[in-house]
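Peer 1: following is a predicted model, sequence given first.
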Amino acid sequence: MGSTKIYRDASDDTLPNLLRELADAIEQGGTDAVPVPAGFDRLKLSFRTRSGQLFMKGKFKTPRRDDAPNMDFMDYDEDDKPGYSSLKSHMKTNFRTILRHAHRGELPPAEVLSSFMADSRLMVTYPGYGDEFYPEYLSACERLEAAYAAGDVAAFRAEADTLAALKARCHDLYD
């Protein structure tokens, strides 16, 4: 998910004009003073008063597309492995997409599964983070890939749920 932030100061007298300027910028798709990202799906405004001065903070958020996999770690050099927490964060994004698709009764984009599988194979090379779960986890990953290759949505969902349960059991012990 991307975001664009805007910061403005105002007074009680200029606040209505500031809000009109914001509304105009949204209608126009952005202005030099107020950049509005295309396709934003959320806008969060907050106002604070400090030392008698009013400050506005705005944050536009754009959605991450399901079919845009998070693939930063697919190609890594063995000498330059990512940190474990970075890898887990990366995996979380793709696994959410996998679960969302599985629970809608569909298969995710191939790139998402491929990225998740590459990350999973890398994850089990880190000792001390649930090593006893790694064989069962890899077995479930292989079944997930096989279900995907066969186009078996029901089996894919079952294996995605198995992976979610394994993750929960491991994280109960190690997080």
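Peer 2: Done, it's in. Residues are numbered from 1 along each chain as shown.
Peer 1: check contacts around Ala147.
Peer 2: Shown in contact with Ala147 (Cβ atoms under 8 Å, 6 or more residues apart in numbering): Val153, Ala155, Phe156, Ala158, Glu159. Just so you know, the C-beta spots here come from the backbone N, C-alpha and C atoms, and that holds for glycine as well.
Peer 1: one more time with 7 Å, if that's ok
Peer 2: When contacts are counted by Cβ atoms under 7 Å, 6 or more residues apart in numbering, Ala147 touches Ala155, Phe156, Glu159.
Peer 1: cool, and Leu18?
Peer 2: Counting by Cβ under 7 Å, 6+ apart, Leu18 has contacts Arg8, Ala10, Met56.
Peer 1: please enumerate the helices of the protein.
Peer 2: For the chain, the helices defined by DSSP state H cover 15-28, 84-103, 110-123, 134-150, 153-174.
Peer 1: if I look at the spatially most central residue of the chain, how far off is Pro108?
Peer 2: Residue closest to the mean C-alpha point of the chain, counted by Cα atoms, centre = their mean, is Thr93 at 4.1 Å. As judged by Cβ to Cβ, to the nearest Å, Thr93 and Pro108 stand 12 Å apart.
Peer 1: Glu159 now?
Peer 2: 12 Å.
Peer 1: and Glu27, by the same measure?
Peer 2: 36 Å.
Peer 1: so those two - more neighbours on which side?
Peer 2: Pro108 (24 against 10; other Cβ atoms under 10 Å).
Peer 1: enumerate every residue touching that one.
Peer 2: Thr97, Ile98, His101.
Peer 1: so which of the residues you listed is the closest to Ala140?
Peer 2: Closest to Ala140 out of these is Ile98 (12.2 Å), distances taken as Cβ to Cβ.
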